[in-house]
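Chemist: sequence and predicted structure are below.
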Amino acid sequence: MDGDRTYAFWALLLGSGLRIGEMVSLRWPNVDLPRRRVHVVEFVSTLGYDLVSSAGKSRDATRSIDLDDDLVRILKAQRKLQSEERLASSSYVASDHVFTQLGGGSYHLQYLSRLLGRYTAELQLLG
């Protein structure tokens, strides 16, 4: 999966324990790379196909997650990738989301959930 534009997403998903809905709504102002922390303060879920803001799954949903050296490196590379993509396209959809599509703009939670299911099957991760 290294080289896949969603690599940083999967690395943080596996390395942090965050939920997909937490990661889809994760924004750069809530990522503190010098202190190696991610602050989980925004949540999204689906209502049909529409994304709706959510209060999180529990009263302890708002929290901070520590990052290891590898995740900090991966997130720095993600920020650089977004910057390069923004400069390369006059139609880039700017946002402060950490994980964005090739042309900018955030991913849809259901797209990433389906992609996770496909990768799980392809890699035969479940018995």
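Modeler: That came in fine, so what should we check first?

Chemist: please, which helix or strand holds the residue most central in space within the chain?
Modeler: Nearest to the mean C-alpha position of the chain, counting by Cα atoms, centre = their mean, stands Met23 at 3.9 Å. Assessed by DSSP states H and E, Met23 sits inside helix 20-24.

Chemist: helices and strands around that helix, which ones?
Modeler: In terms of contacts (3 or more Cβ pairs under 8 Å, 6 or more residues apart in numbering; DSSP states H and E), helix 20-24 is packed against helix 7-16, strand 43-47, helix 109-122. No exception for glycine: its C-beta is placed from N, CA and C like everyone else's.

Chemist: show me where pLDDT drops low in the protein?
Modeler: Low-confidence segments of the chain, defined by pLDDT under 70, span residues 1-3, 54-60, 126-127.

Chemist: now tell me what touches the lengthiest helix in it from outside.
Modeler: When the chain is parsed with DSSP state H, its longest helix is helix 69-88. Contact partners of helix 69-88, identified using Cβ atoms under 8 Å, 6 or more residues apart in numbering, comprise 5, 7-8, 11-12, 15-16, 28, 31, 33, 36, 67, 92, 94, 98-100, 102-104.
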